[in-house]
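Visitor: Curious how this folds, go ahead:
(one chain, ligands or ions: 1)
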Amino acid sequence: PNVAVFASGNGSNFEAIARANLPINLALVVSDKPQAKVIERAHHHQIKTFVLELKNCLDKTDYETQILNQLKQHNIDFILLAGYMKIIHPTLLEAYPQKIINIHPAYLPHFPGKDGIGDAFKAGVSETGVTIHYVDEGVDTGQIIAQQKVPRYQTDQLEDLANRIHKVEHQLYPETIRNLIEKGEL
Ligand code: GRF
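Guide: Numbers count the residues shown, from 1 in each chain. Prediction:
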């Protein structure tokens, strides 16, 4: 299958996917941030990039329509969100039903939203986690595919917890994609 990764920032999850030797063709990286480190990482892996800023579009529908055109040009079969900080609207959801997957750095339904790690840390939980789920119109509400718990220790600084979560992400995301492909579900 031809796959697009959507990312807005660092791209460490993109990197983990790119290095995992998955039976996919990583055809395109889509970003809404021209300065994102993920762009550099994509070039390093010789993967094409498409950068589009919402501020240069008429509205969200125009923004997603332009992205959709790129996805069609590259015959993209499914989409992996990896730190993509925008809500997916019907334009893309209807074009890719059950074909858009996200990774969230908390044990959903706990701590959805932009700062899943910080929110769990502030709440003082002794356990949080990582969730891989299908994307729907809500924020981190779609059907859960895989989850893994991550402990939070008394002595943790936020950074310690964040590092522990990212480590789990980098292993769980590629592994989950591999399982879905092997089961013929992607
Ligand atoms: C990850 O923690 C992911 O779960 C969340 O955003 C972060 C992206 O990190 N959605 P990176 O850009 O992949 O390094």
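Visitor: alpha carbons only for contacts and neighbour counts from here, please
Guide: Noted.
Visitor: how many other residues sit next to the residue nearest to residue 33 when sequence neighbours are not counted?
Guide: Among residues not flanking residue 33 along the chain, residue 8 sits closest, at 5.6 Å (CA to CA, 6 or more residues apart in numbering). Residue 8 has 22 neighbours, counted by other CA atoms under 10 Å.
Visitor: and this structure, which residues reach the ligand?
Guide: 9-14, 82-83, 103-105 (CA under 6 Å from any ligand atom).
Visitor: among these, which are in strands?
Guide: Taking DSSP state E as the definition of strands, those contribute 103-104.
Visitor: Quick one: the residues of the chain next to the ligand as CSV, columns for pLDDT and neighbour count too.
Guide: Shown next, in CSV, are those (pLDDT from 0 to 100; neighbours: other CA atoms under 10 Å):
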residue, pLDDT, neighbour count
9, 98, 19
10, 97, 17
11, 98, 22
12, 98, 19
13, 98, 25
14, 98, 25
82, 98, 25
83, 97, 23
103, 98, 25
104, 98, 25
105, 98, 28
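Visitor: Check which residues of the lengthiest helix in the chain are buried.
Guide: The residue-count maximum for a helix in the chain (DSSP state H) belongs to helix 158-182. By neighbour count with 16 or more other CA atoms under 10 Å, helix 158-182 contains the buried residues 161-162, 165-166, 168-170, 172-174, 177-178.
Visitor: Let's have those in TSV, adding pLDDT.
Guide: Shown next, in TSV, are the buried residues of helix 158-182 (pLDDT from 0 to 100):
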residue	pLDDT
161	98
162	98
165	98
166	98
168	98
169	98
170	98
172	98
173	98
174	98
177	98
178	97
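Visitor: out of these, who's nearest the ligand?
Guide: Ranked by distance to the ligand (CA to the nearest ligand atom), those are led by residue 166 at 6.0 Å.
Visitor: contacting residues around the closest one?
Guide: Counting by CA atoms under 8 Å, 6 or more residues apart in numbering, residue 166 touches residue 105.
Visitor: cool, residue 47 as well?
Guide: 26-29.
Visitor: Quick one: mark the members of those that sit in strands.
Guide: Per DSSP E, the contacts of residue 47 map to strands at 26-29.
Visitor: which of those residues has the most neighbours?
Guide: residue 29 (24 neighbours).
Visitor: Pretty sure that residue sits against residue 8.
Guide: No. In this structure, residue 29 is not within contact of residue 8 by CA atoms under 8 Å, at 10.0 Å.
Visitor: I figured residue 102 was touching residue 132, is that so?
Guide: Yes. Counting by CA under 8 Å, residue 132 is a contact partner of residue 102 at 5.7 Å.
Visitor: who has more neighbours, those two?
Guide: Using other CA under 10 Å as the criterion, residue 102 and residue 132 rank with residue 132 on top: 27 against 23.
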